[in-house]
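**Student:** give me the fold of what follows.
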Amino acid sequence: MQQHLHHIDSNNIEQRHMPDRRTRQLKAVFCSLYMARRKSTRRQEAANQPFYTDFYESWVGLTVLAIVCLSATDAMLTLQILAMGGTEVNPLMAALLNISDGAFILGKLSITVACLFIALVHINFKVLRVIPMRSILVMLLLLYCALISYQLTLLAG
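**Tutor:** Numbers count the residues shown, from 1 in each chain. Now for the predicted structure:
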């Protein structure tokens, strides 16, 4: 096997003085939260087409966080209502309740977070090419607020 020796030319010597940025993964993650590159489409002709992004407006993040918190509140209030003699009408949640309260809470939050993740990834898309995903997130937030209000009314009465 023949070895190839490379002659080091003074013009080809590495000129960078800073460490390689790719070795700092954690810093890259934090920087991507504030300096995301893909905020919109790259071409003008694709401006009306759905696109994926790695930058989310703050209201979207707050809405997703609020929905997760309301889902957890819903789970806790549901357990209180069930303790007072109520019944769970959702068959999937009823099956999880038959396992344990922990399985119910974990299942409910897992399903909520998984669905929100899918919605977040597709935030610039339309469901059935008609309803913007952003509108669905807002509607979901309002529905959860109405549900919590209803549950609080049940507990108060």
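
**Student:** low-confidence regions, the protein specifically.
**Tutor:** Within the chain, the segments meeting pLDDT under 70 span 1-56.

**Student:** quick one: the helices in it, in order.
**Tutor:** 25-34, 58-83, 91-99, 101-121, 133-156 (DSSP state H).

**Student:** so which of the ones you listed is nearest residue 127?
**Tutor:** helix 133-156 (6.2 Å; Cβ to Cβ). The way it works is simple: take the backbone N, C-alpha and C, and place the C-beta from them, glycine included.

**Student:** same for the closest one, what does it pack against?
**Tutor:** Helix 133-156 makes packing contacts with helix 58-83, helix 101-121, strand 126-127 when contacts are defined by 3 or more Cβ pairs under 8 Å, 6 or more residues apart in numbering; DSSP states H and E.

**Student:** dump these to a markdown table, plus distance to residue 148.
**Tutor:** Converted to a markdown table, the helices and strands packed on helix 133-156 look like this (distance: least, Cβ to Cβ, whole Å):
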| stretch | distance to residue 148 |
| --- | --- |
| helix 58-83 | 6 |
| helix 101-121 | 14 |
| strand 126-127 | 24 |
